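Novice: starting from these lines, generate the structure:
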Amino acid sequence: MNSEQVTQGYARAPHRSLFYAMGYTKDDLKKPLIGIVHSFSEIVPGHIHLRDLVQAAKLGVAAGGGTPVEFPVIGICDGIAMNHDGMKYPLATRELIADSIESMVVAHKFDGLVLIANCDKIVPGMLMAASRLNIPAVYVSGGPMLTGYHRDEQVDLVRGLFESVGACAQGNISEEELDEMEQSACPTCGSCAGLFTANTMNCLVEALGIALPGNGTIPAPYGKRKALAKQAGQQVLELVNKNIRPRDILTLNAFRNAITLDMAIGGSSNTVLHLLAIAHEAEVALELEVFDEISTRVPNICKISPGGTDRLFDLYLAGGISAVLKQLGEKGLLSLDEKTVTGNTIGEDIKAAAVRNAKVIRPLDDPYNKEGGIAILRGNLAPDGAVVKQSAVAKEMLVHCGPARVFDGEEEAFVAITEGKINKGDVVVIRYEGPKGGPGMREMLSPTSAISGMGLDKDVALITDGRFSGGTRGACVGHVSPEASEGGPIALVQEGDLIEIDIPKRRMTLKISDEEIAARKAKWTVRPPKVTGKSYLARYAYLVTSASTGAVTKVPE
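Specialist: All right, here's what the predicted structure looks like:
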């Protein structure tokens, strides 16, 4: 066992003495040391309850014959970080989380890990670490928040509150009603109730096989969530005893299964970044084209907020992720022989699942859309690719051509939108917000929600080299690569240029000649970085790569 390097032999007497100082016993040090990694804090509703899950996981580890050892990582609440310079940090912290777990595990020689988190970048950061370290590991989410209600209608943080900011700016609702809604949109602990990035990732890890069935949809306040954490603690000892490691589970076919699920449920566009990054750490050759290849043949069978009006609780009652996977497997769309942390194959894990509500999980032959939730666009404006959540785009906007309204940052775009300076038919361009240029590739939830809240989501498109919250809906194209700060074509767009977006044909075109593009490129100059000096973001901007490869960090060659 790894832990023998710090617990066994006469040369480790000083090490054992330090363990004894904390109350560990000799018997404790003869058992596998299992790290219980969590992101509890008092600033994230998705994490505020994680101490309870940590205790449950510890009981499971002890019951399974191991010694649990708890340690934390950081975690940012994207909702609180939204629409100011704090949003430069969440994606960048994904790397910090992975690096900090690596540091703790290698320094202290854990034999296995139970990873407990919930929100946005924390989930992929933990899975990147597990893939990099390749020691037995089970992931457990904190679970989704229960649905909020406002005047007898379901609401959530995005399809409710964020969009109501735009409605309030237009005078369509009063500040008093907005205040009333903010009191009820987020009624419990847990990750926000729609199929945003956190909940999407927590669902996809079931298809990856690195989490137990039920991980994605059991509500945060339910006792079943604690039971799941306890089971995970026990199960990690099984993995240790059988030497089953993350890279035995996270195969290319497992990633294809996760992408297939993503397309079926209409998940967040951020999953493209995160699955590519996890695959990079697992040394799996996953390419951007795989997302589009799967999207063209896997129908979208769920309409969960922001793409529809159902919430995660509705998906839970309808049979959960196992029920969706069961339908996909029966039609030959999954690789059912992939190992999971249960010790079984994914096919065995979902054998008893059943759809309980065909309105929430539609049959594959009666889908909401014939194609999956995400599409990859290319063209002279995005030669390395761009990402759109097509399941959340109104049919009227699947093909759109309009004049560019160009903004070199999110703030000035948000002001223009809320002050009514954007017209029907416009294509809002927000640039210099990519992984390097932002830096940190900010989420554009505030401007996209304002567009929707003002009733312009069927008339106005938005493109950016930044990214979107999983809560974004409308004709919003992100991850435009190469980004503006690297001289990508998005840097060359001028006010009034016509931009054509054709999602069915997977094209995004700047309607000027190749000669004009070349002439503008010759005049373009590199902008100085927005962040310099000692800031972590300055180091991140120096090391981060393109969104088209997952925005991972690499040491320059």
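Novice: downstream of the strand or helix carrying A13, the next helix or strand is which one?
Specialist: Element membership of A13 [criterion: DSSP states H and E] is helix 13-21. Note on helix 13-21: by DSSP H and E, the next helix or strand toward the C-terminus is strand 33-38.
Novice: any residues touching that next one, and which ones?
Specialist: Outside strand 33-38, the residues that touch it by Cβ atoms under 8 Å, 6 or more residues apart in numbering are 1-3, 7, 47, 50-51, 53-54, 57-58, 61, 66-73, 101, 104-105, 108-117, 126, 233, 236-237, 240. (Glycine included, C-beta is placed from N, CA and C.)
Novice: which of the residues you listed fall in strands?
Specialist: Secondary structure defined by DSSP state E assigns 67-72, 112-117 of the contacts of strand 33-38 to strands.
Novice: isn't G453 up against G160?
Specialist: No - at 10.0 Å, G453 and G160 do not qualify as touching, with contact defined as Cβ atoms under 8 Å.
Novice: CA-only coordinates of stretch 121-139 in CSV, if you can.
Specialist: Extracted as CSV, the C-alpha positions of stretch 121-139 are listed here (Å, rounded to 0.1, in the frame of the first residue of the first chain):
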residue,chain,number,x,y,z
LYS,A,121,-15.3,23.7,-11.4
ILE,A,122,-14.8,21.7,-8.2
VAL,A,123,-16.2,18.5,-9.7
PRO,A,124,-13.9,18.4,-12.7
GLY,A,125,-10.9,19.6,-10.6
MET,A,126,-11.4,16.6,-8.3
LEU,A,127,-11.8,14.2,-11.2
MET,A,128,-8.7,15.6,-12.9
ALA,A,129,-6.7,14.9,-9.7
ALA,A,130,-8.1,11.3,-9.4
SER,A,131,-7.2,10.7,-13.1
ARG,A,132,-3.7,12.1,-12.6
LEU,A,133,-2.9,10.3,-9.4
ASN,A,134,-4.6,7.0,-10.5
ILE,A,135,-5.3,5.6,-7.1
PRO,A,136,-8.7,4.0,-6.2
ALA,A,137,-11.3,6.8,-5.9
VAL,A,138,-15.1,7.3,-5.7
TYR,A,139,-16.8,10.6,-6.3
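Novice: can you pull the buried residues of that stretch?
Specialist: Neighbour-count burial for stretch 121-139, with 16 or more other Cβ atoms under 10 Å as criterion, is recorded at 121-133, 135-139.
Novice: rewinding a little: now which of the ones in strands among the contacts of strand 33-38 would you call buried?
Specialist: Buried positions within the ones in strands among the contacts of strand 33-38, assessed by neighbour count (16+ other Cβ under 10 Å), are 67-70, 72, 112-117.
Novice: mind listing what E338 touches?
Specialist: Applying Cβ under 8 Å, 6+ apart to E338 gives the contacts 209, 249, 251, 253-254, 257, 345-346.
Novice: if we use 7 Å, what do you get?
Specialist: 209, 251, 253-254, 257, 345-346 (Cβ atoms under 7 Å, 6 or more residues apart in numbering).
Novice: what does K511 give?
Specialist: Listed by Cβ under 7 Å, 6+ apart, the contact partners of K511 are 497-500.
Novice: where is the longest strand in the chain?
Specialist: Of all the segments assigned as strand in the chain under DSSP E, the longest by residue count is strand 399-407.
Novice: would you confirm that M126 contacts A117?
Specialist: Yes - look at M126 against A117 with Cβ atoms under 7 Å: they come within range, at 5.5 Å.
Novice: contacting residues around G66?
Specialist: Residues counted as contacts of G66 (Cβ under 7 Å, 6+ apart) are 31-32, 34, 237.
Novice: which among those gets closest to F468?
Specialist: I34 (36.6 Å; Cβ to Cβ).
Novice: neighbours around the closest one, how many?
Specialist: 32 (other Cβ atoms under 10 Å).
Novice: quick one: it and F313, what's the gap?
Specialist: According to Cβ to Cβ, to the nearest Å, I34 stands 31 Å off from F313.
Novice: check D502 too.
Specialist: Applying Cβ to Cβ to D502 and F313 gives a distance of 36 Å.
Novice: before we move on, what about G79?
Specialist: Here the criterion is Cβ to Cβ. By it, G79 lies 19 Å from F313.
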